[in-house]
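> pasting a predicted model and its sequence here:
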Amino acid sequence: MDLKTMLETLVTNGGYLGWGLYYLAKFLAAGLCMGIGALGPAFGEGKIGAAAMEAMARQPELSGTIRTNMILADAIDETTGIYCLLISIILLLVLP
Amino acid sequence: MTKDRVSKFIIFFFILYIGLGIINLFIFEMNMEGIGERWIVSFGKGGFFGQLNPMTLIMSFAIMIILILIARKIKFERIPGRVQAAVETFFDSFWQITEEVVPNPEFRRPTFVVAMSLFLYIVVSNVLGGIPGINVTPLANGINIQLFTDVWYSPTSDLNVNLTYAIMVLIISHVFAIKSKGFASWFKSFFEPNPIMFPLNIISEIAKPISHSFRLFGNIMGGGMLVLILSSIVKYFVLPVFLWAIFGWFFGFIQAFVFSLLTIVYIGSLLE
């Protein structure tokens, strides 16, 4: 039994309770995915920012290069958060 | 003189925008139908290979034409003008990164060309995603064309484009590796620390294009969707301008830079 027929049977047999369960699971899953998935990149970006600040305070003449590299490292770091965003979008919009 | 006129024009346009936005605030009705859906034309048998994404094709050709026009307009002379100096400085910084990362001197130029053409295409397509334009959404019956309700469709928000480029980079990096190291040495590099690591090496090679393409796709697509939902909530009043600037221009530029930098790194890491 694939997902679509399973959901159809849930909705037809469960009535309002079925609809409620369907939307509850969908929104809860999307919110939890985004919320927990944002933790990792946040910690990582905090560490990158702290290290960059320290380096800038130690060598203010290199701050331009450090800032560029910091933004680059941030962009690479937030990849896992982007994956979670994609899964949330799929759960909210693409799911039948 | 011209700067004064430009600033006057910008102020006039901004006041006009705010005035129209206040009018819009009262008559606009939120319509979220067709968000996140693509206009897909299927022909023949259909299925995976029988589908076409017309907006991606149209915008790709438009971006190519824009790039060709820009490239024809810049004249390279002995005494550099303003535009030429900016372009040369920018290309030179990229060339320095390539020189640092790629060890073999004979592979530096092809790597630079591949990474730079990917960068130019992606940056133009991302920046188009920060400019209001024609928006096409599919409905149940036919398609719905709207003017200036959303940004231009950017081809990098279609996974097919990004995955194509990422797989192309993977194949190019392996071809360069075979050319530089020879086939036996390249094949041996999969069993590098010891033969038990062979599956892990294969998986890490497969994971490269996936993370490479999904990073760009998620940033552009997620950013665009976030901006669309937020600007629907405030009924397109003033806020979308700043969101378009951040998500379209700033993040778009950074992501294009990251994509081409990772291209250079992936190609350079497999060489010698």
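Sure, I can see it.
> so where's the longest helix in the chain?
No chain specified, so I'll use chain A. Assignment by DSSP state H gives helix A:16-37 as the longest helix of chain A.
> can you look at chain B instead?
Longest helix in chain B, counting by DSSP H: helix B:198-233.
> in chain A, which residue sits closest to chain B?
residue A:82 (3.5 Å; C-beta to the nearest C-beta). Using the backbone N, CA and C atoms, a C-beta is placed for each residue, glycine as well.
> quick one: the spatially closest residue to that residue that is not a sequence neighbour from residue B:259, how far?
In space, and not counting its chain neighbours, residue A:82 is closest to residue B:218: 3.5 Å by C-beta to C-beta, 6 or more residues apart in numbering or on different chains. Residue B:218 sits 12 Å away from residue B:259, going by C-beta to C-beta, to the nearest Å.
> with neighbour numbers in mind, choose between the two.
It is residue B:259, of residue B:218 and residue B:259, that has more neighbours when counted by other C-beta atoms under 10 Å in any protein chain shown, with 27 against 24.
> who in chain A is up against chain B?
By C-beta under 8 Å from any C-beta of the partner chain, the residues of chain A that approach chain B are A:71-72, A:75-76, A:79, A:82-83, A:85-86, A:89, A:93-94.
> report the buried members of these.
Applying 16 or more other C-beta atoms under 10 Å in any protein chain shown to the residues of chain A next to chain B, the neighbour count classes A:71-72, A:75, A:79, A:82-83, A:85-86, A:89 as buried.
> make CSV from those and add secondary structure, pLDDT and distance to residue B:91 to it.
Shown next, in CSV, are these (DSSP: H, G, I helix; E, B strand; the rest coil; pLDDT from 0 to 100; distance: C-beta to C-beta, whole Å):
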residue, secondary structure, pLDDT, distance to residue B:91
A:71, helix, 82, 20
A:72, helix, 81, 18
A:75, helix, 81, 21
A:79, helix, 83, 27
A:82, helix, 85, 29
A:83, helix, 86, 32
A:85, helix, 86, 33
A:86, helix, 85, 33
A:89, helix, 83, 36
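> what is the burial count for the residue lying closest to residue B:21 once chain neighbours are set aside?
Nearest-residue entry for residue B:21: residue B:237, 4.6 Å, with adjacent residues in sequence omitted and distances by C-beta to C-beta, 6+ apart. Around residue B:237 sit 17 other residues, with neighbours defined as other C-beta under 10 Å.
> could you do residue A:12 as well?
Neighbour number of residue A:12 under other C-beta under 10 Å is 9.
> how close does it get to residue A:6?
Per C-beta to C-beta, residue A:12 is found 11 Å from residue A:6.
> helix or strand: which one has residue B:137?
Per DSSP states H and E, residue B:137 falls inside strand B:132-138.
> buried residues in stretch A:36-47, which are they?
A:37, A:41, A:44-45.
> surely residue B:39 is within a strand?
No - looking at residue B:39 with DSSP: H, G, I helix; E, B strand; the rest coil, it is coil, so not inside a strand.
> wait, what's in contact with it?
Residues near residue B:39 by C-beta atoms under 8 Å, 6 or more residues apart in numbering or on different chains: B:53-55, B:136-138, B:143.
> got it, and residue B:134?
B:145-148, B:152.
> shaky segments in the chain?
Answering for chain A, as no chain was given. A:1, A:96 (pLDDT under 70).
> look at chain B instead
Those would be B:1, B:28-36, B:46, B:140-142, B:148-149, if you go by pLDDT under 70 across chain B.
> now the helices for it?
B:2-27, B:54-73, B:82-101, B:108-128, B:159-181, B:183-188, B:198-233, B:239-243, B:251-270.
> nearest to residue A:18, out of those helices?
helix B:198-233 (27.1 Å; C-beta to C-beta).
> circling back: hey, C-alpha coordinates of the longest helix of chain A in PDB?
Taking Å, rounded to 0.1, in the frame of the first residue of the first chain, the C-alpha atoms of helix A:16-37 are listed here in PDB:
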ATOM      1  CA  TYR A  16     -13.000  14.500  10.600                       C
ATOM      2  CA  LEU A  17     -10.600  12.600  12.900                       C
ATOM      3  CA  GLY A  18      -8.700  11.300   9.800                       C
ATOM      4  CA  TRP A  19      -8.400  14.800   8.400                       C
ATOM      5  CA  GLY A  20      -7.200  16.000  11.800                       C
ATOM      6  CA  LEU A  21      -4.600  13.300  12.100                       C
ATOM      7  CA  TYR A  22      -3.400  13.900   8.600                       C
ATOM      8  CA  TYR A  23      -2.900  17.600   9.100                       C
ATOM      9  CA  LEU A  24      -1.500  17.200  12.600                       C
ATOM     10  CA  ALA A  25       1.200  14.800  11.400                       C
ATOM     11  CA  LYS A  26       2.000  16.900   8.400                       C
ATOM     12  CA  PHE A  27       2.400  20.300  10.200                       C
ATOM     13  CA  LEU A  28       4.100  18.700  13.200                       C
ATOM     14  CA  ALA A  29       6.600  16.900  11.100                       C
ATOM     15  CA  ALA A  30       7.400  20.000   9.000                       C
ATOM     16  CA  GLY A  31       7.800  22.200  12.100                       C
ATOM     17  CA  LEU A  32       9.900  19.700  14.000                       C
ATOM     18  CA  CYS A  33      12.100  19.100  10.900                       C
ATOM     19  CA  MET A  34      12.800  22.800  10.400                       C
ATOM     20  CA  GLY A  35      13.200  23.500  14.100                       C
ATOM     21  CA  ILE A  36      15.600  20.700  15.000                       C
ATOM     22  CA  GLY A  37      17.400  21.000  11.700                       C
END
